[in-house]
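Undergrad: here is my input, please return the structure:
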Amino acid sequence: MLDVVGRSALPVRSQSPNDRLARGLGYFSIALGVAELVAPAAICRAAGMRDLETVVRSYGAREIATGVAILGSHDPEPWIWTRVAGDLADIATVAAGAQQDSHSRGRSAFALATLGAVALVDLACATGLQSEKGNRRTATRDYSYRSGFPRGLQAARGAARDFQVPPDMRTPELLRPWDR
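TA: Model prediction:
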């Protein structure tokens with residue numbers, strides 16, 4: 001089967017800025033997820049949290065799955081919204097960890113500010129994708145410019161009058177019995 005879309009679409013130029021941002025967020029999710037899986041203790045220390053390594057590991061798995069889904073999907077919008085929800089969970093976790101450890105409030109504040117900035121980028125990307133692609137209520141099909149006739153309606157008027165009816169309408173000529 002011929003791949004018409006693959007031959008006609010330009011891989012980089014045919015994407016909107018929101019699509020490119022979503023792709024970058026997909027790669028960012030995978031990188032962050034790997035870091036959270038490999039070094040959860042270091043991430044907990046950097047964020048000013050204690051004893052949450054298993055939570056950070058589970059968040060790493062979530063980040064990797066979301067990143068793979070964003071990169072593998074034709075429409076990344078729902079997966080970007082998943083990132084937004086994940087950002088809210090991350091913010092809640094760091095805020096709860098900050099309450100637990102009062103010695104590293106500065107690190108927790110910096111982590112919360114960073115998470116807030118990432119959440120804003122994710123939210124901007126998700127709303128941008130949503131606005132440019134529309135939804136079921138806003139998407140409409142407009143066929144008013146189509147007539148169904150390639151040369152126009154006026155050229156089709158009376159065309160059936162010149163039609164010659166073949167002598168045998170039931171059997172095509174190639175399938176008729178041979179005369180011997």
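Undergrad: low-scoring stretches of the protein, by residue?
TA: 1-14, 99-102, 134-142, 144, 147, 160-170, 179-180 (pLDDT under 70).
Undergrad: please redo it, this time with the cut-off set to 80
TA: Applying pLDDT under 80 to the chain flags the ranges 1-15, 97-104, 132-180.
Undergrad: quick one, helices of it?
TA: Listed in chain order, the helices of the chain (DSSP state H) span 4-8, 17-38, 40-47, 53-72, 77-100, 105-133, 153-156.
Undergrad: possible to save those as JSON lines with mean neighbour count and distance to P177?
TA: For glycine as for every other residue, the C-beta is placed from the backbone atoms N, C-alpha and C. Listed next are those as JSON lines, based on neighbours: other CB atoms under 10 Å; distance: least, CB to CB, whole Å:
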{"stretch": "helix 4-8", "mean neighbour count": "8", "distance to P177": "42"}
{"stretch": "helix 17-38", "mean neighbour count": "18", "distance to P177": "61"}
{"stretch": "helix 40-47", "mean neighbour count": "17", "distance to P177": "82"}
{"stretch": "helix 53-72", "mean neighbour count": "18", "distance to P177": "58"}
{"stretch": "helix 77-100", "mean neighbour count": "18", "distance to P177": "62"}
{"stretch": "helix 105-133", "mean neighbour count": "16", "distance to P177": "59"}
{"stretch": "helix 153-156", "mean neighbour count": "10", "distance to P177": "37"}
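Undergrad: now those as JSON lines including distance to E173?
TA: As requested, the helices of the chain are arranged in JSON lines below (distance: least, CB to CB, whole Å):
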{"stretch": "helix 4-8", "distance to E173": "34"}
{"stretch": "helix 17-38", "distance to E173": "54"}
{"stretch": "helix 40-47", "distance to E173": "78"}
{"stretch": "helix 53-72", "distance to E173": "52"}
{"stretch": "helix 77-100", "distance to E173": "55"}
{"stretch": "helix 105-133", "distance to E173": "51"}
{"stretch": "helix 153-156", "distance to E173": "27"}
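Undergrad: closest one to L175 among these?
TA: helix 153-156 (30.1 Å; CB to CB).
Undergrad: what's near enough to touch the residue most central in space within the chain?
TA: Note on the chain: the residue nearest the mean C-alpha position is P76, at 1.2 Å, using CA atoms, centre = their mean. By CB atoms under 8 Å, 6 or more residues apart in numbering, the contact set of P76 is 19, 22-23, 26, 69-70, 129.
Undergrad: go again with 7 Å.
TA: Counting by CB atoms under 7 Å, 6 or more residues apart in numbering, P76 makes contact with 22, 26, 70, 129.
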